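**Student:** Build me a structure from this.
(2 chains)
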Protein chains: 2
Amino acid sequence: MRTIKVNLGERSYPIHVGAGLLPRMGEFLQQVGCRGKIAIVTNPTITALYLKPVEGALSRSGFKVTSVLLPDGEEHKNLNSLSVIYDRLIAERFERDSAIVALGGGVIGDLTGFAAATFLRGIPYVQVPTTLLAQVDSSVGGKTGVNHQEGKNLIGAFYQPRLVLIDVEVLPTLPRREFVAGMAEVIKYGIIEDPHLFAFLEQNLAGFLALSSELVEEIIATSCAIKAKVVEKDEREENYRSILNFGHTVGHALEALTGYGRFLHGEAVAVGMVQAASISLSQGFCDERSLGRIRQLITAAGLPSEIPPDIKPPGLVKSMEVDKKSSGGRIKFVLCEAIGKTRFHWLSPEEIVSQLKA
Amino acid sequence: MRTIKVNLGERSYPIHVGAGLLPRMGEFLQQVGCRGKIAIVTNPTITALYLKPVEGALSRSGFKVTSVLLPDGEEHKNLNSLSVIYDRLIAERFERDSAIVALGGGVIGDLTGFAAATFLRGIPYVQVPTTLLAQVDSSVGGKTGVNHQEGKNLIGAFYQPRLVLIDVEVLPTLPRREFVAGMAEVIKYGIIEDPHLFAFLEQNLAGFLALSSELVEEIIATSCAIKAKVVEKDEREENYRSILNFGHTVGHALEALTGYGRFLHGEAVAVGMVQAASISLSQGFCDERSLGRIRQLITAAGLPSEIPPDIKPPGLVKSMEVDKKSSGGRIKFVLCEAIGKTRFHWLSPEEIVSQLKA
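**Tutor:** Have a look, this model is predicted:
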């Protein structure tokens, strides 16, 4: 097991990455001061695979456990699902020191974190991410929230978990497509911060795709450490933290425009990263070779790299404007100067339309 | 004008108390860094009295103003009203540096603050309280939230405003009953922290009730300064801040049990303070004279002091148990040892039932 510490003063917390951690959940929760009542928020898929053993492990450690089952999918990350969680916490008489465990992917994690942030003005929560995407990205850093019909994550809070528990042994049950989608965020860490990670992925792609457990643990831990470092520098995304949005400006717009049903988040981000690299080249910020390596690794991982022909740039840009990344009519892009080096750049809607590669 | 500073590091902010501040709102907002878009959240009563001049003042200072009108009353402090605010902010393309102004009483302030806390994971907001209750209590300290059908303020966040602007000239248009209800919180500050304020109120009650503006400004500023001091010591109510709940354990239960329609918040708190003082006496913590002075000042102010005969202690206590102030089955009371001195005490439901004076 590897442990990464996220250093945020009194809001600091550990991330444990390893094999066989789920059955030890009770012990880890006690280590961070949880006691008494626990609500596990999860979805039908995870319920079938892992809920019983997790409930058992927590009960054996003396916790009083209740489980909240929510439907799967981005379209359920909304105020209604939030109310389902609130209602249960109230019915079970949750108190300020009762804790919530998010057992699932990013949707479960974001919803649960926001419920924890806002129930009784904040109770403890623990992230137990079960998808690669959630393990390397959404479970770390305290971004919580729900979608609004007009856009993703428009309602939310910065609220850090007490602990992130990443059991790599859940990954073999993850659908292949979802595992691959999660790789987009791993590749992103290489592009924005770590040329060694990027080269390591180029060299070890086959082993990672084959779920070689040593490789997986190392790559996840490295990704989490990068995310932790970025969050420590700029917890509330005043500026620097938004380098994590590399590929996300186009990616979010693509997801929104297709009703969150066609692309997985990581797939949309993969397309967005190639577009961002392509704009970086057009702007003269990066060279052809960097763009080529990015496109090559994304394609080799089995991720999409092109905007589908039925989606037109003007529609995409309109969708960006309602997103959190716009200000004064211009839209903030994270662009790259090389593998491992980014810069911010504000573009007008017209400039973006002309530079997106359909 | 008097200015009190709430010292909370990077979340510090000023409270301005004075006459004729509404027409100068633009200038004060600029001083705290607001610019661009402003949404004013308010209710029908305030709209009729003050909205046009406030909109005019903000427009003249260069702000682009939109106003969100919400129905009045505690029963509208819920997730639906919150959605109305979100929808408007999205329609107006609010961005991270756009601000919201809460122009109204506690319901408007709590709702608006929570909308600001959770829109785009937090945008700036300004409290412009128009009731005495909101001026001396809810607008200061960053408690925001909405009610759940099972209890008050069960959903919310700690989120500090950028500025609190208290114009005492709005008080003559406040219904008498609401002004008197606000006095309950003023009296509370005397009981929990400041025997001089309490004595000053005993001596100057008539002038305060007659809205002598010098007296009103002084009393409000003193109340805000006490609240600020308490919040500075314990922003997130880990423990100490809950002395502000003196009278509120019974008060909240009384409001909840009567559907928020029969008692104004301050009236319920007034009853709760006499009950808390009475329990303090039963427990041997305070003397008869303190209880007598508290009951006397509350009665002289025109506030209720008794639990009505149709409300029975067991029902009240049941209502307390779902509130945030319970833990491990026992309920936390703020009791008094003297005027200006409090202590915490945990009581079982049975003890409370036996000690409440019907």
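**Student:** Am I right that residue A:219 is in contact with residue A:201?
**Tutor:** Yes. Taking Cβ atoms under 8 Å as the definition, residue A:219 is a contact partner of residue A:201 at 7.4 Å. For glycine as for every other residue, the C-beta is placed from the backbone atoms N, C-alpha and C.
**Student:** Neighbour count: these two, which is higher?
**Tutor:** Counting neighbours by other Cβ atoms under 10 Å in any protein chain shown for residue A:219 and for residue A:201 shows that residue A:219 has the greater number, 25 against 22.
**Student:** Quick check: the more buried one vs residue A:183, distance?
**Tutor:** Distance of residue A:219 to residue A:183, given as Cβ to Cβ, to the nearest Å: 9 Å.
**Student:** residues bridging contact with those two, i.e. touching both?
**Tutor:** With Cβ atoms under 8 Å, 6 or more residues apart in numbering or on different chains applied, the overlap between the contact sets of residue A:219 and residue A:183 consists of residue A:208.
**Student:** what mean pLDDT would you report for stretch A:115-132?
**Tutor:** Here stretch A:115-132 scores 97 as its mean pLDDT.
**Student:** would you put the C-alpha positions of that stretch in PDB?
**Tutor:** What follows is stretch A:115-132 as a C-alpha-only set of coordinates in PDB (Å, rounded to 0.1, in the frame of the first residue of the first chain):
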ATOM      1  CA  ALA A 115     -24.400  16.000   0.400                       C
ATOM      2  CA  ALA A 116     -21.700  15.800   3.200                       C
ATOM      3  CA  ALA A 117     -20.700  19.500   2.500                       C
ATOM      4  CA  THR A 118     -24.200  20.700   3.000                       C
ATOM      5  CA  PHE A 119     -25.900  18.400   5.500                       C
ATOM      6  CA  LEU A 120     -25.900  20.100   8.900                       C
ATOM      7  CA  ARG A 121     -23.500  22.600   7.300                       C
ATOM      8  CA  GLY A 122     -20.900  19.800   6.800                       C
ATOM      9  CA  ILE A 123     -20.300  16.300   8.100                       C
ATOM     10  CA  PRO A 124     -17.300  14.000   7.400                       C
ATOM     11  CA  TYR A 125     -17.100  11.900   4.300                       C
ATOM     12  CA  VAL A 126     -14.800   9.300   2.800                       C
ATOM     13  CA  GLN A 127     -14.100   8.700  -0.900                       C
ATOM     14  CA  VAL A 128     -13.900   5.000  -1.900                       C
ATOM     15  CA  PRO A 129     -13.600   5.300  -5.700                       C
ATOM     16  CA  THR A 130     -14.300   2.200  -7.800                       C
ATOM     17  CA  THR A 131     -13.500   3.500 -11.300                       C
ATOM     18  CA  LEU A 132     -10.100   4.400 -12.500                       C
END
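**Student:** Is residue A:335 within a helix or a strand, and which one?
**Tutor:** Applying DSSP states H and E as the criterion places residue A:335 in strand A:330-338.
**Student:** do residue A:357 as well
**Tutor:** With elements taken from DSSP H and E, nothing contains residue A:357; it lies in neither a helix nor a strand.
**Student:** ok, how many other residues are close to it?
**Tutor:** Neighbouring residues of residue A:357 were enumerated by other Cβ under 10 Å; the total is 12.
**Student:** From chain B, how far out is it?
**Tutor:** 27 Å (Cβ to the nearest Cβ, to the nearest Å).
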